[in-house]
Structures are given as structure tokens and as C-alpha cells.
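Student: sequence below, structure please.
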Amino acid sequence: MMLRSWRQELLPPLAFAVFTRVLMFLMVWLSLRAVPRLPFYPAQLPDNFLPHRLWLDGWARWDTSHYVAIAELGYGAAESPSPNGGYGFLPVFPLLLRAVGAFPGLEQSSATYATAGIVVANIFFLVATCLFVILSRRHFSRPATYSAVLLLCLMPFSFFFSASYSESLFVSICLGSLLLADRNRWISAGALGALASATRFAGLALAPALLLGAYRDGVRGWRLAATGLLPLTGFGLWSAYTAWRIDDPLAYFNTQAEWGGWEEHVRFYAEILLRNPMEMVQGDPRHLIILVNLMIAVVFIAMLPLVWRKTPPAVAAFTMVIVLFHAGWTWVSLGRYLLPAVGVFMVGGELLARPRLAGWPRDVLFTSATILLAALAILFAHGFWVV
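Tutor: Predicted structure coming up:
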């Protein structure tokens, strides 16, 4: 009976998630058939991995080149096109691509690894959808949860869940950790948090989130300490590895600095907004992406008080750290960096399930989000600066 019940809970959200992916793949294929991709930007690594498979090629852009290089050549290879041999990218996702590419019968090539990344991303997006529904249903009604799933699938930057990026994998791991925490399995939640921080640096946000959740749940002593420390070990082990391998425990940060820091990613755009805001609209078209990032970030920040009132402490703390850290540190890639802020989607779904918002306001929101999602996915597939 319980299995049948969960089947009924999960099938509609999964069906919608699959439906959105199929439509996006079709839309990107049609756009690439009709209009060639853009030339490479000066600092862009070549990412034309699947030119004869246009239904896949548009989903292997930008950072995919770094993941493919690591999967194909390993870390630190002299011939790697990724700066500093790829040490600016954490290991779980590229090593997973290498594992998939090693299956018997598969040619170990850049095209294989790029395809593996797309397959892995879409599988884990479905996993993330299931985990999100299960976690949300523990605290919200079915209509609220289903509205939240629509928000997650239609968020303008949610196309990254289907690209050869680590977003789907990372969100799945974080949701798994938060779900274990919600079931009071704090040590297991912390152990999964270690995997998250070896996938993306933002996985470290699980450390204070789980620590707060466990403390509020009455956990004390060594179990509390272990819950808070375990999520740090994934990134810690990576730093230890780079210290052993290349005598640089800060290799991740030093490599990431190749793409600029706070001055380039926040202050530069803040000065444009303050001195000449119309430049964001009428100037460099890449500034439009920053503007969309900021608009979404403002909405997410405004939702944080409601997240604290409506979601469990661990979910609320994790969401707050994800939103505030990224909004304060970088406005580049901010839209996709906010995807793990699951608490915002949950309370957003709860708001949209209320009678006053369940009619035309919700329809307008979903329609607008869908149009923007389609536009950004097409721009990304054509190699525009949507990173």
C-alpha cells in the first residue's frame, strides 16, 4: 500500500520533469538545425563535442570542456586545456563521467565523456525530483509540493539540470542529506554531505545546516560534532590530495582565481548599476544575463524569512547559506548557483497553492518562467555567455 501511495505521489512530478526535458531537447535541436552556433569567445575552451548529434551537442557547452578534459586526461595533465590541469573543479562529477565512459564497448573519447555527462545529469535530475517530492511532502501538502516541482523545473536556469554540468548530481546529494537529516539520521546525513563538498564547494553549506538541525533536534556530544564536521571532509580530502599531488592545498581556489574574483564578479557590475543602469540593458548583451541573475536573487532573498518559518531548520539554514553566500560573492553564474536553494522552491510552491495565487498569478509566473527558460536554454546551446 505504501509503495502504491508513493507511486501515486511521484508519478505526476516525474512525468512533468520528463516532459519539460523532452520539450527543451526538441527546442534546442530545432534551434541548432536552423541557426549555427556562435563563434567561440576569446577565453572559451572548445566545446563542440557532438557536431553531428545536434540533439545532444547544445547540452555540452562551457564548463563541460573542463569536466571532459578531466575525465579524459585526469587531473594535472600537461596537455589539459583546463587551467592548472583542472584542479579548479572538484572530482566527483568528472570521475563519474570517467567511470561511465569506461563501460565495455564505449570509445574513450571526448564525445563519449560529453554524452556521459548529459546522461548522468538527466538521470540525477529525475533522482533529485523524487527526493525533492519526498522531502517536501513531509512538511507541505500535495498541491504545494506539485507547485514547487513546477517551480524547480521551470526556474529559468533549470536547463543546467540537463546540461553536462554537476548541478543535478549536486542537488541530488544535498537533497539526500537533508532528507536523512529530516529523518533524524544525522551521521548518515553528514557522511552524504562529505560527498556533496567533494562535488561542489557549496556542499560545505551542509555543515552549519546539519549542525543547527541536529542541535535543534537535541543531538549532543560526539554525534553533534560528527554531524557538523563530516560535510567538511569531502573538500578537506580534496585539499589534502592537491597538497600531496602538487604541493598546493589551495589549488582549487588558486585555479578558480583564473576566472576572476569579487572585484570582477560583483563590484564591476555593481558600479555599472549605480552609475549607468541602462548600460545593463543597452550595453554588452552579456550584462542582460547578470541582470536576470540579480532579479532572481532578489526574489530568493525576499523569500528567506518565509523559508525560516515554514521549513525544517536544516533546510532553512542550508537555503540561507546558499542564497546569501552566492549573492554576495559572485553575480556571474548566480542563476545556476541558486538552484540548490530548495527551501525557496518549497515555500514558493506553498504560496502558489493558496487560493489567491492559484489562478492567473500562478499562470503568469509559470508562463514567464517558461519563456525565459526557453530563451536561456537556446542561448546556452548556441554558445552565448550563459555560464
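Student: now residue 265: how far from residue 155?
Tutor: Noted for residue 265: a distance of 21 Å to residue 155, by C-beta to C-beta, to the nearest Å. C-beta: built from backbone N, CA, C; applies to glycine.
Student: which of the two has more residues huddled nearby?
Tutor: More crowded of residue 265 and residue 155, by other C-beta atoms under 10 Å: residue 155, with 23 against 17.
Student: ok, the more buried one touching residue 373?
Tutor: Yes. Between residue 155 and residue 373 there is a contact under C-beta atoms under 8 Å: 7.2 Å.
Student: can you give me the end-to-end span of stretch 154-167?
Tutor: End-to-end distance for stretch 154-167: 15 Å, by C-alpha to C-alpha, to the nearest Å.
Student: give the rounded mean pLDDT of that stretch.
Tutor: Stretch 154-167 shows a mean pLDDT of 98 in the predicted model.
Student: got it, and stretch 11-21?
Tutor: Mean predicted confidence for stretch 11-21 is 96.
Student: tell me who's in contact with the closest residue to residue 381 other than its chain neighbours.
Tutor: Distance criterion C-beta to C-beta, 6 or more residues apart in numbering; nearest residue to residue 381, sequence neighbours excluded, is residue 58 at 2.8 Å. Applying C-beta atoms under 8 Å, 6 or more residues apart in numbering, one finds that residue 58 lies in contact with 28, 29, 31, 32, 37, 380, 381, 382.
Student: burial of the last one, as a residue count?
Tutor: If I follow you right, that is residue 382. 17.
Student: nearest spatial neighbour of it, skipping sequence neighbours?
Tutor: residue 37 is the one closest to residue 382 (C-beta to C-beta, 6+ apart), at 4.7 Å.
Student: quick one, phi/psi of the one you found?
Tutor: phi -70, psi 160 (degrees, to the nearest 10).
Student: distance-wise, check it relative to residue 28.
Tutor: Distance from residue 37 to residue 28, by C-beta to C-beta: 11 Å.
Student: check residue 172 too.
Tutor: From residue 172 to residue 28 the distance is 23 Å (C-beta to C-beta).
Student: can you give me the helices in the stretch 51-200 of the chain?
Tutor: Taking DSSP state H, counting those that start in this stretch as the test, the helices found in the stretch 51-200 of the chain are 54-57, 64-73, 92-101, 110-137, 142-154, 167-182, 186-197.
Student: list of residues touching the last one?
Tutor: Helix 186-197 has contacts (C-beta under 8 Å, 6+ apart) with 90, 92, 170, 173-174, 176-178, 180-181, 203-204, 206-207, 210, 213-214, 217, 219, 223-224, 226-237, 314.
Student: just the buried ones from these, in PyMOL syntax?
Tutor: The buried subset of these, as determined by 16 or more other C-beta atoms under 10 Å, is captured in PyMOL by this line:
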select buried, resi 90+92+170+173+174+176+177+178+180+181+203+204+206+207+210+213+214+217+219+224+226+227+228+229+230+231+232+233+234+235+236+314
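Student: helices - which of the contacts of helix 186-197 land there?
Tutor: Among these, the members falling in helices (DSSP state H) are 92, 170, 173-174, 176-178, 180-181, 206-207, 210, 213-214, 223-224, 226-237, 314.
Student: where do the helices sit along the stretch 251-387 of the chain?
Tutor: 251-256, 262, 268-275, 279-282, 286-310, 313-329, 334-337, 342-352, 360-381.
Student: could I get the ones you listed as JSON lines with mean pLDDT and distance to residue 119?
Tutor: Output for the helices of the stretch 251-387 of the chain, formatted as JSON lines (pLDDT from 0 to 100; distance: least, C-beta to C-beta, whole Å):
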{"stretch": "helix 251-256", "mean pLDDT": "96", "distance to residue 119": "26"}
{"stretch": "helix 262", "mean pLDDT": "95", "distance to residue 119": "35"}
{"stretch": "helix 268-275", "mean pLDDT": "94", "distance to residue 119": "35"}
{"stretch": "helix 279-282", "mean pLDDT": "91", "distance to residue 119": "37"}
{"stretch": "helix 286-310", "mean pLDDT": "97", "distance to residue 119": "27"}
{"stretch": "helix 313-329", "mean pLDDT": "98", "distance to residue 119": "26"}
{"stretch": "helix 334-337", "mean pLDDT": "97", "distance to residue 119": "19"}
{"stretch": "helix 342-352", "mean pLDDT": "97", "distance to residue 119": "23"}
{"stretch": "helix 360-381", "mean pLDDT": "96", "distance to residue 119": "17"}
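Student: tell me which of these lies nearest to residue 105.
Tutor: helix 360-381 (28.3 Å; C-beta to C-beta).
Student: buried sites along the closest one?
Tutor: Buried residues in helix 360-381 (16+ other C-beta under 10 Å): 362, 365-366, 369-370, 372-374, 376-381.
Student: what does stretch 321-335 give?
Tutor: Going by 16+ other C-beta under 10 Å, stretch 321-335 has these buried residues: 321, 322, 323, 324, 326, 327, 330, 331, 332, 333, 334, 335.
Student: same thing with stretch 39-49?
Tutor: Buried, per 16+ other C-beta under 10 Å, within stretch 39-49: 45, 47, 49.
Student: what sits against the residue nearest to the spatial centre of the chain?
Tutor: Geometric centre of the chain, nearest residue: residue 167, 3.1 Å, by C-alpha atoms, centre = their mean. Contacts for residue 167 (C-beta under 8 Å, 6+ apart) come out as 121, 160, 161, 336, 339.
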